[in-house]
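Novice: Here is a sequence together with a model predicted from it:
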Amino acid sequence: MMTNRRRAGRAYGMVLLGVTVWMFSLQGSAAQQSFATGQTISPAYEGWEQNPDGSFNLVFGYMNRNWEEEIDVPIGSGNVIEPGGPDQGQPTHFFPRRNRFVFRIQVPADFGDKELVWSLTSNGQTQRAYATLKRDYFIDDLVIQANFGAGGPGGGTPETMINKGPTLAIEGTRTRTVRVGQPVALAVTVSDDGVPRARPLAPTNPRRPGRITTDTATGLRASWFVYRGVGSVTFEPPQIAVWEDTRVGRDSPWSPGWSTPEPPESGRWETQATFATPGTYVVRVQAHDGGLAAVDDVTVTVTP
């Protein structure tokens, strides 16, 4: 008989069989207000990838049920991956709504039938995701692109068959030290194959007010965001959202009517980050073409 824990793990893994349907993504303003704050986060096991050397990546994301509340959960008993944890590279700053394919944990070729468990406590409740190498959980670039919405409502296009993800290179050191209120300059150079071609997300159709499959604008973009750290961080210029904000009028690739801005001709994105609170932060840059993404991190120590 399947245990409750196994059922939960299977539920999270099945999210990637085809295009994910999240019934939480209600479009009405009343629903958005109802769940602005106070809800929980569910960690999600997205599936596993196989590497050329025979090892595997266990891939995780999460669903923050709030529309507005960003939640910080430090590494420790409330944010732990075991065995081998508590810290295995997971975020501590959680954006609203669905965040897919957020981080990977590489495991050896002989991982076999072992299991990793991510336990996450938010707003008084603990949720878990169970990561295994069961066949149902296998993912590849086509699955990832379909889940991001690069193939449109149908889930796939000829472009997704040939797409290669962007690559990026951060300028400067990966560790910085600044004072509160002192901007830190961040620059990244991104290259991409131009696939998929830039495609805006269609405006909302009044006759079809909701979407049950993920759809997104495509085209190369880059955004910096807080991956770890507690405290207000201001990015200038403001960054494109990296989470699935499907509300109208938002600066989000999943917002109806949104178009990807023209990338810099040089392929170099420049940003400044200013920190309001002392502490240690990890700021992550994500280069995304609408289907596949690349990420890298800078650790910033902020002094008074």
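Specialist: Here it is on my side, so go on.

Novice: where do the helices sit along the stretch 51-200 of the chain?
Specialist: Assigned by DSSP state H, counting those that start in this stretch, the stretch 51-200 of the chain shows helices spanning 141-148, 158-162.

Novice: Please parse this structure into its domains.
Specialist: 34-139, 163-303 (the TED database).

Novice: now those in JSON lines, with mean neighbour count and mean pLDDT?
Specialist: No exception for glycine: its C-beta is placed from N, CA and C like everyone else's. Shown next, in JSON lines, are the domains of the chain (neighbours: other C-beta atoms under 10 Å; pLDDT from 0 to 100):
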{"stretch": "domain 34-139", "mean neighbour count": "18", "mean pLDDT": "98"}
{"stretch": "domain 163-303", "mean neighbour count": "17", "mean pLDDT": "95"}
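
Novice: Which one of those domains lies nearest to residue 152?
Specialist: Closest approach to residue 152 among the domains of the chain is made by domain 163-303 (5.7 Å; C-beta to C-beta).

Novice: how long is that closest one from one end to the other?
Specialist: End-to-end distance for domain 163-303: 42 Å, by C-alpha to C-alpha, to the nearest Å.

Novice: who touches residue 233 in this structure?
Specialist: Shown in contact with residue 233 (C-beta atoms under 8 Å, 6 or more residues apart in numbering): 226, 273, 274, 275, 276, 281, 283.

Novice: List the ones among those that fall in strands.
Specialist: Among the contacts of residue 233, the residues falling in strands (DSSP state E) are 226, 273, 274, 275, 281, 283.

Novice: Surely residue 143 touches residue 47?
Specialist: Yes - Residue 143 sits in contact with residue 47 when judged by C-beta atoms under 8 Å, with a separation of 7.1 Å.

Novice: re the thing from before, Serialize the contacts of residue 233 to TSV and add fields for distance to residue 133.
Specialist: TSV is the format used below for those (distance: C-beta to C-beta, whole Å):
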residue	distance to residue 133
226	31
273	38
274	43
275	40
276	43
281	33
283	32
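
Novice: of all the residues you listed, which two lie farthest apart?
Specialist: Using C-beta to C-beta, the two most remote members of the contacts of residue 233 are 276 and 283, lying 13.8 Å apart.
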